[in-house]
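# A predicted structure for the sequence below; I have some questions about it.
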4 protein chains.
Amino acid sequence: MKLKTVGIEDIRSPIHVREQSGSRQETVASITLRADLPKNVRSSCLTTFLDILEAYQDDMRVDRVPALLAAVKNELQAESAHITLKFPYFIEKRAPVTGTASLMEYTAQFACGSAGTPDMVVSVWVPSTTLCPCSKEISEAGAHNQRAEINLNVKFRGFIWIEDLIRMAEQGASCEVFSLLKRPDEKHVTEQAYRNPMFVEDVVRKVAGLAMAHPDITWFSVGVESFESIHKHSAYAFVESGSL
Amino acid sequence: MKLKTVGIEDIRSPIHVREQSGSRQETVASITLRADLPKNVRSSCLTTFLDILEAYQDDMRVDRVPALLAAVKNELQAESAHITLKFPYFIEKRAPVTGTASLMEYTAQFACGSAGTPDMVVSVWVPSTTLCPCSKEISEAGAHNQRAEINLNVKFRGFIWIEDLIRMAEQGASCEVFSLLKRPDEKHVTEQAYRNPMFVEDVVRKVAGLAMAHPDITWFSVGVESFESIHKHSAYAFVESGSL
Amino acid sequence: MKLKTVGIEDIRSPIHVREQSGSRQETVASITLRADLPKNVRSSCLTTFLDILEAYQDDMRVDRVPALLAAVKNELQAESAHITLKFPYFIEKRAPVTGTASLMEYTAQFACGSAGTPDMVVSVWVPSTTLCPCSKEISEAGAHNQRAEINLNVKFRGFIWIEDLIRMAEQGASCEVFSLLKRPDEKHVTEQAYRNPMFVEDVVRKVAGLAMAHPDITWFSVGVESFESIHKHSAYAFVESGSL
Amino acid sequence: MKLKTVGIEDIRSPIHVREQSGSRQETVASITLRADLPKNVRSSCLTTFLDILEAYQDDMRVDRVPALLAAVKNELQAESAHITLKFPYFIEKRAPVTGTASLMEYTAQFACGSAGTPDMVVSVWVPSTTLCPCSKEISEAGAHNQRAEINLNVKFRGFIWIEDLIRMAEQGASCEVFSLLKRPDEKHVTEQAYRNPMFVEDVVRKVAGLAMAHPDITWFSVGVESFESIHKHSAYAFVESGSL
């Protein structure tokens, strides 16, 4: 073993995230920070990691991450350094018929290596609805449906908005999910899901198609877990662009 | 404060549970063990709890729990003692049309105080399907449905089977849930849920009615959490017989 | 059952919390909202809850909670309403010797019933260190110690700061916990914990004593879970002022 | 994307595991089952997975896993199939001085691909104690210590016991952890940890050394997370034999 990895886990911090709207969102991230050390280098009690993290904590933003990782590499004589920031992310959505506004919660993550942007993976976890094509086809009325979670992870050139990734994921499902729906909206989402039956493998294929068509995405993977309403277990599907 | 409670948390142990079928099921329980001590009594490093638990661990069964709690009270000069054992519990179910057998997983719990059986609460957590009456009524076709978890807790006289409590809970939902369904079964559960729309409050009312009608149940509470397929949050309802 | 409870669970929202420093902290809360309905009242698809929550979400603060609950009661003809807001809460702490500043994460919760402030419980969960008196006494050198979590819950008259509750909890442990410690600080906390050995029951007794001496606290409970470093399980202790 | 993965998640089942003692242990596994399908093959509602799983559930043992995966490949025309079985695993341990027996809980996992044994990874998660060398060195008395979790993952030729992996992990820590310790045992483990201070990186290095020296282990990785008693976050270290 020429290299070993050391780090800190499970530390939380307030962070700011730039919104596509132009605002900046204040949220709370779970942070993991690691460095790959040559075999003969010894770290001292993790203080260095925390020292550097503290220095950035007053204004923790994605565009300061490369500098933070460079500081880690430098202070620890590390070959590379890596950080992940995972956080709840809120977007105001409009209900599909009445236009009623409500705040929808997603999860997002930046995972960044010290090689900089080419090394960054942005991830979103997006709740949505799946409606089973098999159940619809064989039943006289109705079809089982359920909440599913779509996880889209991408590498990109230039810049990409969390909002764009969430939109891609939501287009892949039988129907997207909202925080607040009035009766005409509930009618609309029920009927849309019923018109649009999808197995988990259909969802990954559709989201993968959208990711493939995006000019700035250079790599992606998509996983979907569907919390089946007629079972206690989940259905799962996954594709990765590397297996193209 | 005349009394203080001390105990151990998060300890796991293999246990045996008697099945209604006559067999005995081997599973793994998460155990909490506590004692209420008079103010002037001091415990020594929790060894007493673990000593007693260890003595019963070779053959951990519900009917040995009162003796275990009596030992705790005696050794620690405690005013009372309390144990909870929470564990996965498996029942072989038959699919509704084809009769295909499969093993279904539930969660069950025994919570027992040192006063003995009158002090025991048996709990089950039962996955099931809820289908929204509102969504069905207003939509041209389909209706949103989802997995829900029904939690039934009872006190009783005499003896009560975990299987009986699970059955009561399953009768309260739009449809029960199975591990393995063939196509004719999937058609059946889809149509049954569609014919049987229920809000969470309808489910608690129906399960409460069954518990109230049971001759041996002396107290109960019912909670239902429905993992809404059109939202990110859950719907919840609860009733307790004490509020009769 | 004259009453039944209905509600929503697991919804998250950005909130603002007033700090003792005069600033306001932006964080993210997990929210539960419930109402106790007379038997004959039927809720419609939870939209009412979400409608009201949405109206307050732009500026969710504790002092707006009573108005929110009044709106729930009014709209649903409920006998009572109840909300809990649980969130990470950050405080800048100074290391004990070098004075190095770092941001420490705690968890806090407001649980409020529609009867208003007398009905409010404020809770904090505070990480800290416990060092075992028994291990210290019998060993030639060293003593096992570990992270513990102190949970303090209070009712009060007037107003109480989250910061005050955290301070009370931290005074009860063998030593308090920090995010960033330099070498002289690490020496200090190691030695302080070693000088100050405490069983979990000693910690609850000390924190309870501080709560009892506070002029504005009208009820409290204290629980401590110690993640024993020499075991896989936790030690636990609990007291409640009601058992005075 | 020539291949896509489909599967089921979060299904639990009783399983039997062979113990090194010659007995067989009954426990409960969380199972994930997946298959890599050529692009043009479509699965039907996951019934095939569940059908096969059900057929093996009466007697779920590791040596039947290859046949189970072969059945999945065959039925689904899959290019490959993969299963993970993760479960609590209990071993009777003797306290170091008094020899008092108690049951200790670990977590173990078999992850197996359809290529058979060369494709199998066996994992263990082992609780243990770490004592900080830095804290010991700079302090007049005492040293902060805490529970840590050692995760050892191996590929092997022939056969390997879970018990052997657990033993390797336990030798790497400042001291191993027990369920039940009498006073002379507590004195012993306290003093042993104090004599044997280790950073997380020392632990991974030591466990890696043991794995490297084992004649049947062909690949391994070791991760250690230490739940620091003076902080709210964890220290982490990791090595993989591939980086040799």
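Nice, thanks for sending it over. What you see is a predicted model; the values in this text were computed from it and never measured.
# Could you give the number of residues near the residue nearest to residue A:24 when sequence neighbours are not counted?
Nearest residue to residue A:24 in three dimensions, chain neighbours excluded: residue A:16, at 4.9 Å (Cβ to Cβ, 6 or more residues apart in numbering or on different chains). Placement of C-beta: from N, CA and C, glycine included. The number of residues packed near residue A:16 is 15, by other Cβ atoms under 10 Å in any protein chain shown.
# can you check residue A:14 too?
With other Cβ under 10 Å as criterion, residue A:14 counts 21.
# Likewise for residue A:57?
21.
# Could I get the contacting residues of it?
A:13, A:14, C:102, C:103 (Cβ atoms under 8 Å, 6 or more residues apart in numbering or on different chains).
# What's opposite residue A:94 in the beta bridge?
Beta-bridge pairing of residue A:94 under DSSP bridges involves residue A:101.
# I'd say it and residue A:100 touch.
Yes. Contact criterion Cβ atoms under 8 Å: residue A:94 and residue A:100 qualify, at 7.0 Å.
# who has more neighbours, the two?
residue A:100 (20 against 13).
# so residue A:111 sits in a strand?
Yes. With DSSP: H, G, I helix; E, B strand; the rest coil as the criterion, residue A:111 is part of a strand.
# Count the residues that sit near it.
17.
# ok, what's across the strand from it?
Residues in beta-bridge contact with residue A:111 (DSSP bridges): residue A:84, residue A:121.
# same deal with residue A:222?
Bridge pairing for residue A:222 (DSSP bridges) gives the partners residue A:152, residue A:239.
# Which parts of chain A are helices?
A:47-57, A:65-76, A:133-138, A:162-171, A:183-195, A:200-213 (DSSP state H).
# got CSV for the ones you listed, with mean pLDDT too?
Compiled in CSV, those are given as follows (pLDDT from 0 to 100):
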stretch, mean pLDDT
helix A:47-57, 86
helix A:65-76, 89
helix A:133-138, 95
helix A:162-171, 97
helix A:183-195, 97
helix A:200-213, 95
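# my guess is residue A:148 contacts residue A:202, does it?
No. At 11.2 Å, residue A:148 does not count as touching residue A:202 under the criterion of Cβ under 8 Å.
# So the two - more neighbours on which side?
More crowded of residue A:148 and residue A:202, by other Cβ under 10 Å: residue A:148, with 28 against 19.
# quick one: that one and chain C, what's the gap?
16 Å (Cβ to the nearest Cβ, to the nearest Å).
# on that earlier part again, now, the most widely separated pair of the contacts of residue A:57?
Using Cβ to Cβ, those span at most 12.9 Å, a distance reached by A:14 and C:102.
# Poorly predicted segments of chain A, please.
A:1-2, A:40-45, A:116-118, A:243-244 (pLDDT under 70).
# Find the closest residue to chain C in it.
residue A:26 (4.1 Å; Cβ to the nearest Cβ).
# Might you report the residue contacts of that residue?
A:14, A:15, A:16, C:14, C:26.
# Please name the nearest non-neighbouring residue to the residue sitting nearest the centre point of chain A.
In chain A, the residue lying closest to the centroid (Cα atoms, centre = their mean) is residue A:124, at 1.5 Å. Of all residues not flanking residue A:124 in the chain, residue A:165 sits nearest, at 4.6 Å (Cβ to Cβ, 6+ apart).
# Spit out the contact partners of the one you found.
Residue A:165 neighbours (Cβ under 8 Å, 6+ apart): A:108, A:122, A:123, A:124, A:152, A:154.
# Top of those by number of neighbours, please.
residue A:152 (25 neighbours).
# looking at it, that one is touching residue A:109, isn't it?
No. Judged on Cβ under 8 Å, residue A:152 makes no contact with residue A:109 at a distance of 10.8 Å.
# anything in contact with each of these two?
A:123, A:124.
# Close to chain D: what parts of chain A are there?
A:1-11, A:32, A:34, A:42-46, A:132, A:134-135, A:199-201, A:204-205, A:208, A:225, A:232-241, A:243-244 (Cβ under 8 Å from any Cβ of the partner chain).
# What's the PyMOL syntax to select whichever of these are buried?
Filtering these down to the buried ones (16 or more other Cβ atoms under 10 Å in any protein chain shown) takes a single PyMOL command:
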select buried, chain A and resi 1+3+4+5+6+7+8+9+10+11+32+34+43+45+46+132+134+135+199+200+201+204+205+208+225+232+233+234+235+236+237+238+239+240+241
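# What is the neighbour count of the residue nearest to residue A:125 when sequence neighbours are not counted?
Once flanking residues are discounted, residue A:125 sits nearest to residue A:107: 4.1 Å by Cβ to Cβ, 6+ apart. For residue A:107, the neighbour count with other Cβ under 10 Å is 16.
# What of residue A:67?
12.
# ok, so what distance separates it from chain B?
From residue A:67 to chain B the distance is 35 Å (Cβ to the nearest Cβ).
# and the closest residue to that residue other than its chain neighbours, what is it in contact with?
Nearest non-adjacent residue to residue A:67, counting by Cβ to Cβ, 6+ apart: residue A:56, 7.9 Å away. By Cβ under 8 Å, 6+ apart, the residues touching residue A:56 are A:64, A:67, A:68.
# Check the gap between residue A:56 and chain D for me.
From residue A:56 to chain D the distance is 15 Å (Cβ to the nearest Cβ).
# Most distant residue from the centre of chain A?
Max distance from the centre of chain A (Cα atoms, centre = their mean): residue A:140, 37.5 Å.
# quick one, phi/psi of it?
With angles defined as degrees, to the nearest 10, residue A:140 sits at phi -70, psi -40.
# can you tell me how far it sits from residue B:190?
Counting by Cβ to Cβ, to the nearest Å, the gap from residue A:140 to residue B:190 is 9 Å.
# so who does residue A:68 touch?
A:52, A:53, A:56, A:83.
# 7 Å - rerun?
A:52, A:56, A:83 (Cβ atoms under 7 Å, 6 or more residues apart in numbering or on different chains).
# Serialize those to CSV and add fields for distance to residue B:217.
Output for the contacts of residue A:68, formatted as CSV (distance: Cβ to Cβ, whole Å):
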residue, distance to residue B:217
A:52, 60
A:56, 58
A:83, 54
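# Relative to residue D:161, which of those residues is nearest.
Distances from residue D:161 to the contacts of residue A:68, taken by Cβ to Cβ, are shortest for residue A:83, at 38.0 Å.
# how far away is that closest one from residue C:181?
In terms of Cβ to Cβ, residue A:83 sits 21 Å off from residue C:181.
# now swap in residue A:106 and tell me
For residue A:106, the distance to residue C:181 - Cβ to Cβ - is 35 Å.
# So between the two, which is more surrounded?
residue C:181 (26 against 21).
# Got the phi and psi for the more buried one?
Per degrees, to the nearest 10, the backbone of residue C:181 is at phi -130, psi 130.
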